[in-house]
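> can you look at this prediction? I've put the sequence above it.
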Amino acid sequence: MPALEPTPFIWFNGKLVPWNEAQVHVLSHALHYGTSYFEGIRAYRCPTGGSAVFRLKDHMRRFVNSGKILGLPCPWSQADLEKAVIDTLTANKMETAYIRPLAFVGYGSMGVLPPEAPLDVIIAVWSWGAYLGAEGMDKGVRVKTSSFSRIHPNTLMSKAKAGGNYVNSVLAKVEAVKCGYDEALMLDVQGFVSEASGENIFIVRGNTLKTTPLTSVLEGISRDSIIKLARDMGYTVEEQLFTRDELYCADEAFFCGTAAEVTPIREVDNRIIGEGHAGSVTKSIQRAFFQVVDGSSAKYADWLAHYSF
């Protein structure tokens with residue numbers, strides 16, 4: 001993964017502070033117990049001028065809801081957070097960016113019980129290209145089924161985008177990469193396909209797309225976008241449990257997520273998927289997705305929060 005390239009400012013508890021001054025104490029509660037939640041959002045340059053944040057309201061609604069689920073309510077309103085995202089982008093003069101809001105329990109006391117102190121909230125922006133690589137975006141990625149199961153909904157709150165939940169993802173991702181693969185595929189505790197370390201998954205057979213229902217997966221905003229977009233394009237989309245061997249026999253498969261966008265899968269567990277490269281359905285959805293996020297498709301204009309500087 002490429003190193004982060006600093007931008008001038010990070011929004012920190014309501015103020016824009018220089019990147020290197022956005023610091024926390026080493027005894028902050030979240031560093032020790034994972035008491036944090038976050039979002040991943042993208043902004044795109046629009047061909048008609050200016051830029052737009054993709055589904056900003058939906059991301060910030062999920063951010064606020066993560067706080068409710070964890071019992072760590074965000075001290076800022078959703079409207080305040082949406083404005084803060086735009087303010088941070090414009091202050092940093094970012095036409096395209098990856099956006100990371102984070103709420104975390106800071107310094108106050110130690111022990112599992114979080115201190116009764118307000119959460120710290122930051123919003124950082126930086127340049128981030130294709131998460132799984134430019135070649136993967138074009139030709140598809142190689143995937144390994146992880147030996148680690150996706151978290152059960154009643155062990156950790158799987159609908160919260162919580163920092164602590166992602167230790168599960170880290171273990172799976174490290175294992176896959178060390179074995180020479182690009183990404184990990186995680187099964188749920190019953191053995192059905194769940195999701196990847198940071199992406200939802202779709203499989204394709206003919207004109208039908210299938211994706212895991214919201215039982216063991218994060219309620220992905222890119223996932224929701226692809227479902228609506230694909231149906232509008234005339235494809236049948238089913239939210240249904242499926243097994244690893246059904247994935248092996250799919251015509252096509254792809255990941256989706258804010259960081260990964262729409263990334264084809266060419267191989268799983270040394271089995272070639274379809275023809276071993278991005279298929280025609282995946283390419284059509286990928287193309288349509290990028291037309292939506294940069295504002296080229298007027299039909300989905302309400303998904304974009306425009307800004308300029």
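The structure has been received and is ready for your questions. These numbers were taken from a predicted model, which means no experiment stands behind them.
> quick one: low-confidence residue ranges for the stretch 51-200 of the chain.
Applying pLDDT under 70 to the stretch 51-200 of the chain flags the ranges 117.
> walking through it, point out its helices one by one.
Along the stretch 51-200 of the chain, the stretches classed as helices by DSSP state H, counting those that start in this stretch are 56-70, 78-91, 134-139, 166-178.
> redo the ones you listed as JSON lines? Include mean neighbour count and distance to residue 299.
C-beta here means a position set from N, CA and C on the backbone, and glycine is covered the same way. Listed next are the helices of the stretch 51-200 of the chain as JSON lines, based on neighbours: other Cβ atoms under 10 Å; distance: least, Cβ to Cβ, whole Å:
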{"stretch": "helix 56-70", "mean neighbour count": "20", "distance to residue 299": "17"}
{"stretch": "helix 78-91", "mean neighbour count": "18", "distance to residue 299": "22"}
{"stretch": "helix 134-139", "mean neighbour count": "14", "distance to residue 299": "24"}
{"stretch": "helix 166-178", "mean neighbour count": "17", "distance to residue 299": "33"}
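> of these, which approaches residue 219 most closely?
Nearest to residue 219 among those is helix 56-70; the distance by Cβ to Cβ comes to 7.0 Å.
> what packs against the closest one?
strand 36-38, helix 78-91, strand 97-104, helix 221-232 (3 or more Cβ pairs under 8 Å, 6 or more residues apart in numbering; DSSP states H and E).
> quick one: average confidence on the first one?
Right, strand 36-38. Regarding strand 36-38, the rounded mean pLDDT is 97.
> stretch 248-265 too?
Rounded mean pLDDT across stretch 248-265 is 96.
> show me what counts as buried in that stretch.
Going by neighbour count (16 or more other Cβ atoms under 10 Å), the buried part of stretch 248-265 is 250-265.
> the spatially closest residue to residue 99 that is not a sequence neighbour: neighbour count?
The shortest distance from residue 99 to any non-neighbouring residue, by Cβ to Cβ, 6 or more residues apart in numbering, is to residue 41 (4.0 Å). Residue 41 has 23 neighbours, counted by other Cβ atoms under 10 Å.
> look up phi and psi at residue 41.
phi -130, psi 150 (degrees, to the nearest 10).
> residue contacts, it?
Counting by Cβ atoms under 8 Å, 6 or more residues apart in numbering, residue 41 makes contact with 53, 54, 55, 56, 59, 85, 98, 99, 100, 101, 258.
> also residue 10?
Taking Cβ under 8 Å, 6+ apart as the test, what residue 10 contacts is 16, 17, 18, 19, 22, 88, 122, 123, 124.
> drop anything exposed from those.
Neighbour counting over the contacts of residue 10 (16+ other Cβ under 10 Å) leaves 16, 22, 88, 122, 123, 124 as the buried ones.
> residue 286: which of the residues you listed is nearest?
Distance to residue 286, by Cβ to Cβ, is smallest for residue 124 among the buried ones among the contacts of residue 10, at 27.1 Å.
> give me the beta-bridge partners of that closest one?
Beta-bridge pairing for residue 124 (DSSP bridges): residue 100.
> all helices of the stretch 201-309 of the chain, in order?
221-232, 244-248, 280-293.
> count of neighbours near the residue lying closest to residue 152 once chain neighbours are set aside?
Counting by Cβ to Cβ, 6+ apart, residue 152 lies nearest to residue 189, which is 5.1 Å off, once chain neighbours are set aside. For residue 189, the neighbour count with other Cβ under 10 Å is 13.
> any idea how far residue 268 is from residue 189?
Distance of residue 189 to residue 268, computed by Cβ to Cβ, to the nearest Å: 20 Å.
> reformat the helices and strands packed on helix 56-70 as CSV; add distance to residue 303.
Compiled in CSV, the helices and strands packed on helix 56-70 are given as follows (distance: least, Cβ to Cβ, whole Å):
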stretch, distance to residue 303
strand 36-38, 21
helix 78-91, 14
strand 97-104, 15
helix 221-232, 7
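> can you say which of the ones you listed is nearest to residue 239?
Judged by Cβ to Cβ, the one of the helices and strands packed on helix 56-70 that comes nearest to residue 239 is helix 221-232, at 7.6 Å.
> could you list the alpha-carbon positions for that closest one in CSV?
Extracted C-alpha coordinates of helix 221-232, given in CSV (Å, rounded to 0.1, in the frame of the first residue of the first chain):
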residue,chain,number,x,y,z
ILE,A,221,-23.4,2.1,0.6
SER,A,222,-21.6,1.1,-2.6
ARG,A,223,-23.4,-2.3,-2.4
ASP,A,224,-26.7,-0.5,-2.2
SER,A,225,-25.7,1.7,-5.2
ILE,A,226,-24.8,-1.3,-7.3
ILE,A,227,-28.1,-3.0,-6.5
LYS,A,228,-30.1,0.0,-7.6
LEU,A,229,-27.9,0.8,-10.6
ALA,A,230,-27.9,-2.8,-11.9
ARG,A,231,-31.7,-3.1,-11.6
ASP,A,232,-32.1,0.1,-13.5
